[in-house]
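1. Predicted model, plus sequence, below.
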Amino acid sequence: MSTRQLLVEVLPWVLSLNTIVMNILVGNKHRKSWALGLVGQVLWLVWIVADEAWGLIPLNLALWAIYIRNHIKWRKP
C-alpha cells in the first residue's frame, strides 16, 4: 500500500476522532479546543491533497479562519 493510499484510508478515522474530541472540548469551553481544531485542519489539508478532493479547499480555508478567530477571542479575558 502506498503512502497516499494509507493517508486516504486512515486519515478520515483520525479526522473523525479529532473533530469529536474538539467539539467536546468546545462544549466544555476548554481554551485549547480551537488549537486542536487547527491541528485537524492541517490534517484535513493533507487528506484533501492526498485524495485530490479539491472541492473541500474552500471549506478548509474558511475553517482555518474561523478557528484562528475563535482561538484569539477565547484567549482574551
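-> Alright, I've got the coordinates. Treat the numbers as computed from the prediction; the structure is a model and nothing was measured. Residues are numbered from 1 along each chain as shown.
2. any idea how far Val42 lies from Val21?
-> As judged by C-beta to C-beta, to the nearest Å, Val42 and Val21 stand 15 Å apart. Using the backbone N, CA and C atoms, a C-beta is placed for each residue, glycine as well.
3. With neighbour numbers in mind, choose between the two.
-> Between Val42 and Val21, counted using other C-beta atoms under 10 Å, Val21 has the larger neighbour count: 15 against 11.
4. If we ignore the residues flanking it in sequence, what's nearest that one?
-> Leu36 (6.6 Å; C-beta to C-beta, 6 or more residues apart in numbering).
5. Contact partners for the one you found?
-> 18, 21-22, 25 (C-beta atoms under 8 Å, 6 or more residues apart in numbering).
6. which of the residues you listed are buried?
-> Buried residues within these, counting neighbours by 16 or more other C-beta atoms under 10 Å: 18, 22, 25.
7. and the last one, backbone torsions?
-> What it means is Leu25. In terms of degrees, to the nearest 10, the main-chain angles of Leu25 are phi -60, psi -40.
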